[in-house]
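Q: Give me a model of this one.
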Amino acid sequence: MQLDVREVAELSPAERAAFFERDAGVAEARSDARDIVSRVREEGDVAVRNFCREFDGVEVGNLDVTDDAERAYEEIDDDVRAAVEAAAENVRAFHERQVPEDWRESFGEGRELGRRFRPLDRVGVYVPGGTAAYPSSVLMGVVPAKVAGVE
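A: Below you'll find the predicted structure:
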C-alpha cells in the first residue's frame, strides 16, 4: 500500500473539485482502511509495527504505552498541558451537542416505532508518531468516541 501525497496545486481541475467536495478517493480510502483493519485483526501487533514502519518510518518496540503515557503527562510543560486539556474540552463540548436522542412513537393500533442509538464496543484510532507529534489526532479520534459512549 503506497500513500499518494500531492500538493493541492498539483491536482487537475477535476481532482481539485472532487477533493474540495470531499468526494476524492473515499472508496479507495475505505478499501485501504478495511485492509488495514483486517491485517491488524489477523496479525495483531505485528501488523501495527509494520504500518508504523511503512507510514511513519518508525521502528516500534513495545506497544504497551500506558506507563509511558502517564510519565509523559507528568513531564509536559504546564502551558502545553493546559492548552491540550482546553482543546479536549472544546472537542468534547462540540460532540456532546451531536449525540442523538433515542425516540419512540406510537403509529396506530399497537404499532410503535423508534430509533435507539448505541455506541460501538470499541474503536481504533491511528495517531501518527513519526517525526512529529499530533495531539489533535488523538483529540479528534478519542474524545468523540468517548462522548458517544465507547469504553
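Q: in the least confident helix or strand in the chain by mean pLDDT, what's buried?
A: Sorting the helices and strands of the chain by mean pLDDT, DSSP states H and E puts helix 66-75 at the bottom, at a mean of 78. Under the neighbour-count criterion of 16 or more other C-beta atoms under 10 Å, helix 66-75 has nothing buried. Every residue, glycine included, has its C-beta placed from N, CA and C.
Q: Output it in CSV with nothing but the alpha carbons.
A: What follows is helix 66-75, C-alpha atoms only, in CSV (Å, rounded to 0.1, in the frame of the first residue of the first chain):
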residue,chain,number,x,y,z
THR,A,66,0.3,3.1,29.5
ASP,A,67,3.2,3.8,31.8
ASP,A,68,5.0,5.9,29.2
ALA,A,69,1.8,7.9,28.6
GLU,A,70,1.4,8.6,32.3
ARG,A,71,5.0,9.6,32.7
ALA,A,72,4.8,11.8,29.6
TYR,A,73,1.7,13.5,31.0
GLU,A,74,3.6,14.5,34.1
GLU,A,75,6.6,15.8,32.1
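Q: Contacts for the helix or strand that it is followed by next, please.
A: Once helix 66-75 ends, the next helix or strand along the chain (criterion: DSSP states H and E) is helix 78-96. Defining contact as C-beta atoms under 8 Å, 6 or more residues apart in numbering, one finds that helix 78-96 is touched by Tyr73, Ile76, Pro135, Ser136, Leu139, Met140, Val143, Pro144, Lys146, Val147, Ala148.
Q: for the first one, what are its contacts?
A: This points to Tyr73. Here Tyr73 is in contact with Arg81 (C-beta under 8 Å, 6+ apart).
Q: Then the fifth one?
A: Leu139 sits next to Val84, Ala87, Ala88, Val91 when contact means C-beta under 8 Å, 6+ apart.
Q: which regions of this protein sit below the pLDDT cut-off?
A: 1-3, 22-26, 64-66, 130 (pLDDT under 70).
Q: any idea where the helices of it begin and end?
A: Along the chain, the segments classed as helices by DSSP state H run 13-20, 26-43, 45-51, 66-75, 78-96, 135-148.
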